[in-house]
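In: model this:
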Amino acid sequence: MEDYVRPIVFLIFTLCYAYQLYYVFVVLTRKPPELVAKKNHRYAVVVSARNENAVIGDLIHSIRVQNYPQELIDIFVIADNCTDNTAAVAQEAGAIVFPRFNTEKIGKGYALDYGFSCINQLYADEGYEAFFVFDADNVLDVNYFREMNKVFDNGAEISTSYRNSKNYGSNWISAGYATWFMREAKFLSQARLTLNTSCAVSGTGFFVSAKVIEEMGGWKYHLLTEDIELSASSIMNGRRISYCPTAILYDEQPTTFKAAWNQRFRWAKGFYQVFLKYGLGLARGMRTAPKGFRFACYDMLMTIAPAMLLTIVSIIFNASILIMGLTGAMDVDTMTKSASSSIFFCLFIFTLFMFSYGVLTTFVEWDKIHSTTKKKIGYLFTFPLFMLTYIPIAIVALFRKCEWKPIQHSISVDVSEFSTAETNKQAERI
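Out: Numbering: from 1, shown residues only. Predicted coordinates for the structure are as follows:
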């Protein structure tokens, strides 16, 4: 029986995710649409920061040197349960600061909701047309707002951007993160944009129109992965999420395995939460959603389901072998060999796919990776290992509770370290 189950499982996964291979083909053969803005719009930046005095100034500086009219950008920082001088640093750099102290409602979603409430009460007459959400450790390419304004001016209500890394070269962990996010931006978001389906917000670097915030009554997403919750809810309700490949954001990645475990454990738990809350609605949307959103519902469902499905399928498959061994349908030796063979097969296929994606992403995005050639090549071989560590994290997240824990950021960089080369490349395209 095991001779049939394994290829059936492999076939199911292939059929479910074959469309992502088509995404690769789309990216390699077609260019995303180029947009032009007729008007510069009025924006507010909202940043949730907890003990981020080492990096918050760099983010605010990168906003203040944008190639975009400064009078059209206001910056709001929610100093969330801070015990350092984050508020003072942010205020000195030019931000409006809202201190928040709440030890019961902990997490970025609650901080954002508080920030939007303050803005609505104190700055409702400023006429903000959309709100940008960043993390405190981000820095922006100098053309970030100019490029995102093109997307908003052409009708997008929500849009994400290209997520690069401040510290790809720190070690194999930061490189693993960076490669995954670049792969997500290039071979998922760009393909979705080109095919005119919906993208998904990933963590940081996105805008939401003031109209959407008003309709929601603030920020109403409080699961552990509020970004994925926003994406699932928006798509399920027929709201398309756009993407801007020319708006580049630089993000600091964890460098220790403990920090990476804690962060990805929260993400895995958050994905399960979103799957349980929105999975059925997305499944229904595959049949009932307006034309143009049915595939987006399927795509989003596959985005939030993989870890859950992989775990369940593995448990069922190995449990079936165990039962056959215990009932005498198979002898113990055969059972052990079969289970071992199945595990090896799954790990080999997973490693092969991750290595292939790592190679493809690294060479396609070679010039955007700020590191040495030696490290770029070397981290091709550690990327599958980084991704393999998701498997125990996903399994543990099925059974353990998760509390939000802050990730320490300490890498201070000036946007000029990244922007010169990127600015020149964008200028060549214009």
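
In: where does the stretch 301-430 of the chain have low pLDDT?
Out: 306-343, 419-430 (pLDDT under 70).

In: what about 50?
Out: 423-424, 426-430 (pLDDT under 50).

In: residue boundaries of the helices in it?
Out: Secondary structure of the stretch 301-430 of the chain (DSSP state H, counting those that start in this stretch): helices at 306-326, 332-364, 373-388, 390-399, 416-429.

In: next one: the stretch 101-250 of the chain
Out: Going by DSSP H, counting those that start in this stretch, the stretch 101-250 of the chain shows helices at 108-122, 144-153, 172-184, 190-194, 210-216, 226-236.

In: Put together CSV for those, with distance to Val89 and mean neighbour count on each row.
Out: Placement of C-beta: from N, CA and C, glycine included. Shown next, in CSV, are these (distance: least, CB to CB, whole Å; neighbours: other CB atoms under 10 Å):
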stretch, distance to Val89, mean neighbour count
helix 108-122, 17, 20
helix 144-153, 21, 23
helix 172-184, 24, 23
helix 190-194, 35, 22
helix 210-216, 27, 15
helix 226-236, 25, 25
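
In: Now do the buried residues in stretch 37-55.
Out: Within stretch 37-55, the residues that count as buried by 16 or more other CB atoms under 10 Å are 41, 43-55.

In: Now, these that are in strands?
Out: Using DSSP state E, the subset of those located in strands is Tyr43, Ala44, Val45, Val46, Val47, Ser48, Ala49.

In: what's near enough to touch the fourth one?
Out: Read that as Val46. Shown in contact with Val46 (CB atoms under 8 Å, 6 or more residues apart in numbering): Phe76, Ile78, Leu112, Gly115, Phe116, Ile119, Phe131, Phe132, Val133, Phe134.

In: so the fourth one sits right up against Ile96, yeah?
Out: No. Under the criterion of CB atoms under 8 Å, Gly115 is not in contact with Ile96, lying 10.0 Å apart.

In: what residues do the two have in common as contacts?
Out: Counting by CB under 8 Å, 6+ apart, the residues touching both Gly115 and Ile96 are Phe76.

In: In stretch 287-295, which residues are buried?
Out: Neighbour count says stretch 287-295 has Ala289, Phe293, Phe295 buried, by 16+ other CB under 10 Å.

In: Switch those over to JSON lines; also include pLDDT and secondary structure.
Out: Formatted as JSON lines, the buried residues of stretch 287-295 follow (pLDDT from 0 to 100; DSSP: H, G, I helix; E, B strand; the rest coil):
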{"residue": "Ala289", "pLDDT": "88", "secondary structure": "coil"}
{"residue": "Phe293", "pLDDT": "92", "secondary structure": "coil"}
{"residue": "Phe295", "pLDDT": "95", "secondary structure": "helix"}
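
In: which one of these sits closest to Val65?
Out: Val65 lies nearest to Phe293 out of the buried residues of stretch 287-295, by CB to CB, at 38.4 Å.

In: Mind putting the contacts of Val46 into TSV with distance to Asn237 and pLDDT?
Out: Putting the contacts of Val46 into TSV (distance: CB to CB, whole Å; pLDDT from 0 to 100) gives the following:
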residue	distance to Asn237	pLDDT
Phe76	26	98
Ile78	26	98
Leu112	19	96
Gly115	23	97
Phe116	19	97
Ile119	23	97
Phe131	19	98
Phe132	22	98
Val133	19	98
Phe134	25	97
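
In: just the residues you listed now: which is nearest Phe386?
Out: Using CB to CB, Phe134 comes nearest to Phe386 of those, at 24.7 Å.

In: Can you report how many residues neighbour that closest one?
Out: 27 (other CB atoms under 10 Å).

In: from memory it sits against Val47, does it?
Out: Yes. Because the distance of 5.3 Å satisfies CB under 8 Å, Phe134 is recorded as touching Val47.

In: so what sits against both of those two?
Out: Common neighbours of Phe134 and Val47 (criterion: CB under 8 Å, 6+ apart): Leu59.

In: quick one on the thing from earlier: farthest-separated two in the buried residues of stretch 37-55?
Out: So, the buried residues of stretch 37-55 by CB to CB: farthest apart are His41 and Asn51, at 32.5 Å.

In: Okay, Ala283 and Trp366: tell me how far apart.
Out: 39 Å (CB to CB, to the nearest Å).

In: between the two, who's got more neighbours?
Out: Ala283 (15 against 10).

In: mind checking the SS state of the more buried one?
Out: Following DSSP: H, G, I helix; E, B strand; the rest coil, we place Ala283 in the helix state.

In: Please name the nearest non-neighbouring residue to Ser410.
Out: Ala54 (5.0 Å; CB to CB, 6 or more residues apart in numbering).

In: what sits against that neighbour?
Out: By CB under 8 Å, 6+ apart, the neighbours of Ala54 are His409, Ser410, Ser412.

In: Quick check: of the residues you listed, which has the highest neighbour count?
Out: Counting by other CB under 10 Å, top hit in those: His409 with 23 neighbours.

In: So that one sits against Glu52, correct?
Out: Yes. Counting by CB under 8 Å, His409 does reach Glu52; the two are 6.1 Å apart.

In: Touching both of those two, which residues are there?
Out: Ala136, Asp137.

In: and Pro99, helix, strand or coil?
Out: Three-state assignment for Pro99 (three-state DSSP): strand.

In: Got the phi and psi for the residue nearest to it when sequence neighbours are not counted?
Out: Using CB to CB, 6+ apart and skipping residues adjacent in sequence, the residue nearest Pro99 is Ala79, 4.8 Å away. The phi/psi pair for Ala79 (degrees, to the nearest 10) reads phi -80, psi 90.

In: again, but for His61
Out: With angles defined as degrees, to the nearest 10, His61 sits at phi -60, psi -40.

In: what's it in contact with, if anything?
Out: Ala93, Val139, Asp414, Val415.

In: same thing but at 6 Å, please
Out: The contact partners of His61, taken as CB atoms under 6 Å, 6 or more residues apart in numbering, number zero.
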